[in-house]
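[1] 3D model of this:
(chains A and B)
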Amino acid sequence: MSTGIRTERTADDLALVTFDQPGAAANVLSREVLQALDGALDWVAAQPGLRGVVFLSAKPTIFIAGADVKQLAALDHDDALRAMIREGQRVFARVGDLAVPSVAAIHGACLGGGCELALACDYRVASDDHRTRIGLPETSLGIVPAWGGCTRLPRLVGFPKACDLILGAKRLAPKPALRAGLVDAVVPREALLTMARRLVAKGRPVRKRHGVVNQALIAGGIARVVSRDLEHRTRGHYPAVYRALDAMRRGLRVSVAESQRLEEEAVVQLAVTPTCHNLMRVFFQQERAKHLRLDNAHPPPRLERVAVIGAGVMGAGIAQWLSAHERAVILKDVDVDRVRQGMATIATLYREAVRHHVLEAVAARAGLDRLAPTAVEVPLAGTELVIEAAVENMTIKQEIFRRLGEATPAETILATNTSALSVTELARVVRHPERVIGVHFFNPVHRMQLVEVIVGAQTAPAVVDRVLRFVQEVGKLPVVVQDRPGFVVNRILMPYLIEAGHLFEAGAPVARIDEAMLDFGMPMGPLRLIDEVGVDVASHVAGHLSACFGARMAVPAVLSAMVAAGQLGRKRGSGFYRHAGGNRARPHAALAKHVRNREAAGLDEDALVDRMALLMVNEGARCLDEGVVGEAQDVDFAMIMGTGFSPFRGGPLRYADGRGIVNVVRELDRLAARVHARFEPCERLRRMAEREETFYHDMTGGDHRLQGGGSRPEGGGA
Amino acid sequence: MKTARLVIIDGVRTPFARAGTEFAALPADELGRVAVRALLLKTGFDPGLVDEVIFGCVGQPADATNVGRVIALRAGVPRQVPAITVSRNCASGFEAVTQAYEKLAAGRGSIFIVGGVESMSQYPLLYPYAGAQKFARLNKARTWPARLAALAAFRPRDFAPRVSLIMGLTDPVSGFNMGETAELLTRENGITREMQDALAMDSHRKAIAARARLAEEITPVYAGPAYVRALAEDNGPRTDQTPAVLAKLRPVFERQTGTVTAGNSSQISDGAVALLVMSEERAAALGLTPLGVLTGYAYRGCDPARMGLGPLAAIAAAEDALKLGLADADLIEINEAFAGQVLAVMKLAESAEYARTALGREHALGVVRPEILNVNGGAVALGHPVGATGARLVLTALKELQRRRARRALVTLCVGGGQGAALWLERGGA
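    Prediction:
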């Protein structure tokens, strides 16, 4: 038998087909593995007197993670892609046509192609393990499930549910998968084979036909509603969801074979789009962040005991996240009431997590139990990592760090969650400053995956490596940044927010400014974002950055005026918007007095976008030039994960590549001449324009060869 | 023979809250968890070094049996450390301490987390036995006619709840409610309503004056479903308590002629205490300065109907064993189960006749000097979460010895079911 698949026959005449990719933690469906599966099916066909076939994985956390995305991304022409799609469809069709009942016995991640293999089986049984996740997340990569996913899922669970799963790129836990009808049974991992035997004994299943919802007219109606909803949520930027919807709807009216032609067409057409390339790139960047290391030689002991200093929104958010990820957490603040408020915040986060089925009630209680709140000094000798999340004031922070330095042994890592202050300067007051580092979480902590790991001038590499692993272990994605004001995310975001303020002062209406950036693909308009983070906070960070970088970060007068007037944004119910309950907000008419001229009043959407987005490009290029991060993809990844910068555009620098650096520089020059010197393109951009360089070297024109960046020992899948 | 000495390194407790108030929603395991977590936080002690966790509790929650184990696990004590729950009724908190000593003496470990916990708010209502049997029958009925027949057997009285708190506070042997035992003592010893109310008034006054001192042993509790409030001090002591208010209260247990009221009885409360104790040798090896030392102790039985006199028998037994008497104490705690009961103990301690007839000794025990008795208030003001009180008395007395730089404390409790308990403690450290 060839690589990665074992076959055996049991005493009771079952064929067991076990996926076990040698030397990897994950199974992925590469061309070679498909071939091996084909061979295994030959073997099955040659076995006389079989009662059933069971598909299994020998991996502890993964059934099949999906198609080999690296291989997919490297296919350099349509025909190769088409051939690979057809091959998968053909092999899975053989699974579906087996003469005896087939069962997918799923433990661990069963995603994309893995899920499509399971769908080709007669039955699916899943382990009740928390690592078991089943779904078709292809649309998040800008493609559609094309090994029968768009065809078989609507037939199994009904069109509406299939839309929900495929368009939402959902990864269902075992219980929801059972409720959705995606699996037939959920049992303990050890009982998977027992259950599979029982299912085989039942013979081929008679499935519910979903006659009503899958009927052409009704499915068409549902599709129109879903499509409108997609339009509202994605503003048309993600073609894959429309193509998946279309393939599913039309596929229901034709045979399985014809329906699979529709899937194939959709993938082949989507695979050449920049959107798909950029989304795949984000996928590779995520994989890279998951395995980022400074030093692979000796895995250091895990950081288990943590203290968080400061019980405000950030401190409480961090403490909650860490306690939910099995860390014992001391939460300290200066008085009982602040600690109480922090604990109340944490309790609410846990309650919400339970309500949204993110955590079971027992797990939530265990998380709360791991917290040790205190309003007085306590011994910290046993603490391995301290994360300071106090107010953004260097004097206060230094005082805290000076004391922490004395209260902890030299091995204790001291981290600051500062969003802008210098880690190096903070470390000056600390005994053993090489253990001081920045660990910048984003708000809300439980939703934002990015963590900036800030390396001070004095930070020891071993400390950086240990913190990287810690960040990864608690399920966050790190980006390593050097200690420069604003690090990378806030530094690039701030000119954009500031420009939104300038545009407002120059007469552009609030709604138009925000709408332009929503259309650009940002998750929230800049003025709305200022309201959410707090006008005072935004203004404070901007003030700090303008002190470091001068005029291009100067705080617009409107922000200062709003702070003075107490219009601090959502938390006070009024900022650029008036905030009613929930998510409702309307532009705040009383702000009109801060409009100074009409210079930007007539700008169309493209012009508004240029003024805001190109400043991010410019600042991103500066970050790269100054070595704040190592690579262009670090800038883009940080902006996508830290601010939600339109993932389909691949980040600000990738966006610049797409527009052409020459065009970017020309436009910035024009704005610098007509509006303000803050648009002056940086040296790096000018140089690149002259030499006709791009930020990314593996991407030219319509070529869709992609390199999975960096080290990726496990080979993820889609 | 030189036996190992048990030292108390440090301790911490939750505030005590009147039942039905701030901690009403917190089950005993939660209260205990808060206390143990705070103890570990305050001491910075590595729980992996602990040999066993011993917790006193009288009414264990039905959903957390062996509540000591639940507390240990939830507080982050490693799972290989065993845990046990002990009950000697009102002396359960003492029992946890003395059992640690006994295990130490027997060579069964040298470092313990001990304590006591009670959620009197969460004592359940129970179905009467007859009703419970009918539920069981209904559960077993498989057919509809059988189910109907089983249903038809129910009578209204089957649903009348039995209050487990009241049952727990009633002595099953004598049939006396705890309050009735107190009434008996006041009648027999000529203790008036005024005397009792005066002691109660004093208890509140002392507890209020001791706020800052008591805060040294208390950890604020950030708990409860919404965390809307953090309780940082006992809520039993009343700043607005007056003799006039106390005098107005109706007797609870003997409505016509009784003298025991809610005002001069201990409060029914919720709370938890945790102490870190170990052998003197281990403390020295770890470089820890003890708060105090357990010098010795005695438990003795007495008439269940006069359980309030239990301390006298225990003090006498401890004197026989340790040669330490009332005159040797720099501080005395007599748990204020009832003001009248404490007054009876004080009176009979001076009685040679009681010593001869009840204690089998020639001389009276001696004088309980009021100025060294319950100096920071007692259970009348602070509350009496039964399983926790013993551990609280140890903690409070040791902290006070430290403050006064005094030598010895005698800490006693009367115990429902007719027992007394007496512990002798010494101040630790230099």
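[2] now for the closest residue to chain B within the stretch 401-550 of chain A: which residues touch it?
    Among the residues of the stretch 401-550 of chain A, residue A:407 lies closest to chain B, at 10.2 Å counting by CB to the nearest CB. Where C-beta positions appear, they are placed from N, C-alpha and C, glycine not excepted. Shown in contact with residue A:407 (CB atoms under 8 Å, 6 or more residues apart in numbering or on different chains): A:377, A:379-381.
[3] so which of those residues sit within strands?
    Among the contacts of residue A:407, no member is found in strands (DSSP state E).
[4] chain B next: which of these are close?
    For chain B, the contacts drawn from the contacts of residue A:407 by CB under 8 Å from any CB of the partner chain are A:379-381.
[5] just the buried residues of the contacts of residue A:407.
    residue A:380 (16 or more other CB atoms under 10 Å in any protein chain shown).
[6] now pLDDT too, for the contacts of residue A:407, in TSV please.
    Below are the contacts of residue A:407 laid out as TSV (pLDDT from 0 to 100):
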residue	pLDDT
A:377	94
A:379	95
A:380	95
A:381	92
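[7] ok so, going back, and of the ones next to chain B among the contacts of residue A:407, the nearest to residue A:163?
    Closest approach to residue A:163 among those (CB to CB): residue A:380, at 51.9 Å.
[8] the closest one contacts residue A:330, doesn't it?
    Yes: assessed by CB atoms under 8 Å, residue A:380 is found in contact with residue A:330 at 7.4 Å.
[9] common neighbours of those two, please.
    With CB under 8 Å, 6+ apart, residue A:380 and residue A:330 have common neighbours residue A:307.
[10] would you list the ones next to chain B among the contacts of residue A:407 in a markdown table and tack on distance to residue B:406?
    Converted to a markdown table, the ones next to chain B among the contacts of residue A:407 look like this (distance: CB to CB, whole Å):
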| residue | distance to residue B:406 |
| --- | --- |
| A:379 | 28 |
| A:380 | 33 |
| A:381 | 32 |
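[11] which other helices and strands does the helix or strand harbouring residue A:231 contact?
    In this assignment (DSSP states H and E), residue A:231 forms part of helix A:216-234. Here helix A:216-234 touches helix A:159-167, helix A:239-251, going by 3 or more CB pairs under 8 Å, 6 or more residues apart in numbering or on different chains; DSSP states H and E.
[12] give the residue spans of the stretch 101-250 of chain B that score low on pLDDT.
    Applying pLDDT under 70 to the stretch 101-250 of chain B flags residues B:224-225.
[13] who in the stretch 151-300 of chain B is up against chain A?
    B:220, B:222-223, B:225-230, B:232.
[14] could you pull up the contacting residues of the closest residue to chain B within chain A?
    Nearest residue of chain A to chain B, counting by CB to the nearest CB: residue A:379, 2.9 Å away. Shown in contact with residue A:379 (CB under 8 Å, 6+ apart): A:407, B:42-44.
[15] and for the closest residue to residue B:124 other than its chain neighbours, the neighbour number?
    Distances taken as CB to CB, 6 or more residues apart in numbering or on different chains place residue B:164 nearest to residue B:124, at 5.5 Å, with adjacent residues excluded. For residue B:164, the neighbour count with other CB atoms under 10 Å in any protein chain shown is 15.
[16] and residue B:164, how close does it get to residue B:158?
    17 Å (CB to CB, to the nearest Å).
[17] in what helix or strand does residue A:60 lie?
    Using DSSP H and E, residue A:60 falls outside every helix and strand.
[18] quick check: pLDDT value at the closest residue to it other than its chain neighbours.
    Of all residues not flanking residue A:60 in the chain, residue A:108 sits nearest, at 7.1 Å (CB to CB, 6+ apart). For residue A:108, the pLDDT comes out at 97.
[19] just to revisit the earlier point, name the nearest of the contacts of residue A:407 relative to residue A:689.
    Using CB to CB, the contacts of residue A:407 come closest to residue A:689 at residue A:380, 52.4 Å.
[20] got the contact list for the closest one?
    So residue A:380 contacts A:307, A:330, A:386, A:404, A:407-408, A:412, B:44 (CB under 8 Å, 6+ apart).
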